[in-house]
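**Q** Sharing a model that was predicted from the sequence below.
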Protein chains: 2
Amino acid sequence: MSAAIRSPQPSPPLTRSVEDYLKSVFHLTSQGGFATTSDIAEMLEVAPPSVSGMMKRLSETGLIEHVPYRGVQLTPQGRRAALQMIRRHRILESYLTSKLGYDWGDVHVEAERLEHAVSEKLIERMADALGEPRYDPHGAPIPTATGEIEETELISLAEAEVGSEVVLREVSDEHPARLQYLAEQGLKPGVRLTVIDRQPFNGPTTARLGDGTTRVVGQELALLLLCRPADGE
Amino acid sequence: MSAAIRSPQPSPPLTRSVEDYLKSVFHLTSQGGFATTSDIAEMLEVAPPSVSGMMKRLSETGLIEHVPYRGVQLTPQGRRAALQMIRRHRILESYLTSKLGYDWGDVHVEAERLEHAVSEKLIERMADALGEPRYDPHGAPIPTATGEIEETELISLAEAEVGSEVVLREVSDEHPARLQYLAEQGLKPGVRLTVIDRQPFNGPTTARLGDGTTRVVGQELALLLLCRPADGE
DNA sequence: TTTGATAATTAGGCTAGCCTAATGCCCTGT
DNA sequence: ACAGGGCATTAGGCTAGCCTAATTATCAAA
């Protein structure tokens, strides 16, 4: 009889903190490369030594790969866990918006707390009730239950060529006030925009909406508006 | 100018643990009297010294009244907090059952984790979506947002007089398997029962349902079936 | 009234996560 | 080639919550 495949340790459930660290690392490495100690510290609002400590523990449990003085990356196992958290977060955001009348500025904070408390079963029931949504209210792709996530090249409105037509796909922000403002301006995922001007030196971009009205968007905000080129008329 | 009414301290949010202790004390003192250290320890599955320690902290923060070697009771402030948790728990149970297809045996565990993570706003939205329910799926009364809870004298089926007619009001249990069994037997809140027999020495009670079929219920279970006398006829 | 059982508390320790202060590594600019 | 600056890490401490072992209080029964 050949050796049985070693089943992965009955790993203890991850703590809330660990879940947060994994999510941070995921986001910080989504463009490739390493996540640095100070970036993680800033994102989680903790002191850098706290991050060093946690990184040590996480690499001991095999969730991340730590190259001292360089930074960290997720192992496949860590990536799986991170994607699960992101799925939870985005399903929660979708559910709160569609079923409980939250608006897209308020969902983030609520989902942030709930994602650590919900069971897999609950998430799947919510996903089911929503018809297995593929994008959350901000347009971000929702990982599948099996841990696949759509990766699309998007460009920010701040980079879109003047004269081009784009479709706003995703609003990469979580600040309630900014999101509310954007919603008031009609800048929500799905909207078609024509880039008609951009001022130099990181100046504002002007875009025309489908109804002919225009919006002037400062660079800071424009960077958050992720678009894809509009296809055909 | 007279002294302003001292507004209550900007008290830090309660921890998960503290919330659990308060709920325990509430349940253990619901018939009046004190909650003892060992009862709390047993209910929360922690060692008695852990309870002593927590009781000390909670009485310092004014949530409970601790009489050393006697036990504890909730202060008005502690009671308010406990009722808030119970409201959360029961609204969550109701929501999960009505809106997400959970059955009454599974809701407790899920609600137990969620109750520490949900915001007041979310609970009120759920309550609203449900039409401000007054009872949870087990028939337990849901405290109002302002902290009032209905108190009704109920007797268990094990105490109901043989020959009497009762209505099952509440199933005071949280074990999935037992609850599922009871549901299969049709023993759910609202059901009308005629007590037709009880064996001596804590023996089983026999009851007839509306459809004429009978159920034989051992004392352990009968104690969990809380009833009120049936009015009418 | 003393004794013993039982329950509560104190003593002392551990882990997870956080902190600040001190130290060490790495790289770039002179 | 090396001096600094900047970032990462180590050292050392703190709190919340839990634990076990030791001690002390209470109460009932002899």
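**A** Here it is on my side, so go on. Because the structure is predicted, anything quoted here is derived from the model rather than measured.
**Q** so what secondary structure elements neighbour the longest helix along chain A?
**A** Looking only at chain A and at elements set by DSSP state H, the helix with the highest residue count is helix A:76-100. For helix A:76-100, the helices and strands in contact under the criterion 3 or more Cβ pairs under 8 Å, 6 or more residues apart in numbering or on different chains; DSSP states H and E are helix A:16-28, helix A:107-114, helix A:120-130, helix B:120-130. No exception for glycine: its C-beta is placed from N, CA and C like everyone else's.
**Q** how about the residues of chain A near chain B?
**A** Within chain A, the positions lying close to chain B (Cβ under 8 Å from any Cβ of the partner chain) are A:96, A:99-102, A:110, A:113-114, A:116-119, A:121-122, A:125-126, A:129.
**Q** and these, which are buried?
**A** Burial by neighbour count, judged by 16 or more other Cβ atoms under 10 Å in any protein chain shown, picks out A:96, A:99-100, A:102, A:110, A:113-114, A:116-118, A:122, A:125-126, A:129 from those.
**Q** residues contacting the spatially closest residue to residue A:97 that is not a sequence neighbour?
**A** Distances taken as Cβ to Cβ, 6 or more residues apart in numbering or on different chains place residue A:137 nearest to residue A:97, at 4.5 Å, with adjacent residues excluded. Contacts here follow Cβ atoms under 8 Å, 6 or more residues apart in numbering or on different chains; on that basis residue A:137 touches A:93, A:94, A:97, A:104, A:107.
**Q** What about the third one, how many residues nearby?
**A** Think residue A:97. The tally of other residues near residue A:97 (other Cβ atoms under 10 Å in any protein chain shown) stands at 19.
**Q** roughly how far apart are it and DNA strand D?
**A** When distances are taken as Cβ to the nearest atom of the strand, to the nearest Å, residue A:97 and DNA strand D turn out to be 32 Å apart.
**Q** Who are the contact partners of that residue?
**A** Applying Cβ under 8 Å, 6+ apart, one finds that residue A:97 lies in contact with A:103, A:104, A:107, A:137.
**Q** Also the last one?
**A** Residue A:107 is in contact with A:92, A:93, A:96, A:97, A:137, counting by Cβ under 8 Å, 6+ apart.
**Q** Next: the first one.
**A** Residues counted as contacts of residue A:93 (Cβ under 8 Å, 6+ apart) are A:104, A:107, A:108, A:111, A:136, A:137, A:138.
**Q** repeat that for 6 Å
**A** Contacts were defined as Cβ atoms under 6 Å, 6 or more residues apart in numbering or on different chains; by that measure residue A:93 touches A:107, A:111, A:136, A:137.
**Q** ok, of those residues, which one's closest to DNA strand D?
**A** Minimum separation from DNA strand D among the contacts of residue A:93 (Cβ to the nearest atom of the strand) is found for residue A:111, which lies at 23.0 Å.
**Q** Which pLDDT value goes with the closest one?
**A** What the model reports as pLDDT for residue A:111 is 98.
**Q** That one: neighbouring residues, count only.
**A** 23.
**Q** related to what we said a few turns ago, what is the most widely separated pair among the contacts of residue A:93?
**A** Within those, two members stand farthest from each other by Cβ to Cβ: A:111 and A:137, at 10.1 Å.
**Q** Including distance to DNA strand C, could the helices and strands packed on helix A:76-100 go into a markdown table?
**A** Compiled in a markdown table, the helices and strands packed on helix A:76-100 are given as follows (distance: least, Cβ to the nearest atom of the strand, whole Å):
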| stretch | distance to DNA strand C |
| --- | --- |
| helix A:16-28 | 4 |
| helix A:107-114 | 13 |
| helix A:120-130 | 20 |
| helix B:120-130 | 23 |
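**Q** out of the ones you listed, nearest to DNA strand D?
**A** Using Cβ to the nearest atom of the strand, the helices and strands packed on helix A:76-100 put helix A:16-28 closest to DNA strand D, at 10.9 Å.
**Q** Okay, and the residue nearest to residue A:97 sits in which element?
**A** Residue A:137 belongs to no helix or strand when assigned by DSSP states H and E.
**Q** what does the helix or strand harbouring residue A:41 contact?
**A** In this assignment (DSSP H and E), residue A:41 forms part of helix A:37-44. Taking Cβ under 6 Å, 6+ apart as the criterion, the residues outside helix A:37-44 that touch it are A:20, A:24, A:28, A:48, A:51, A:52.
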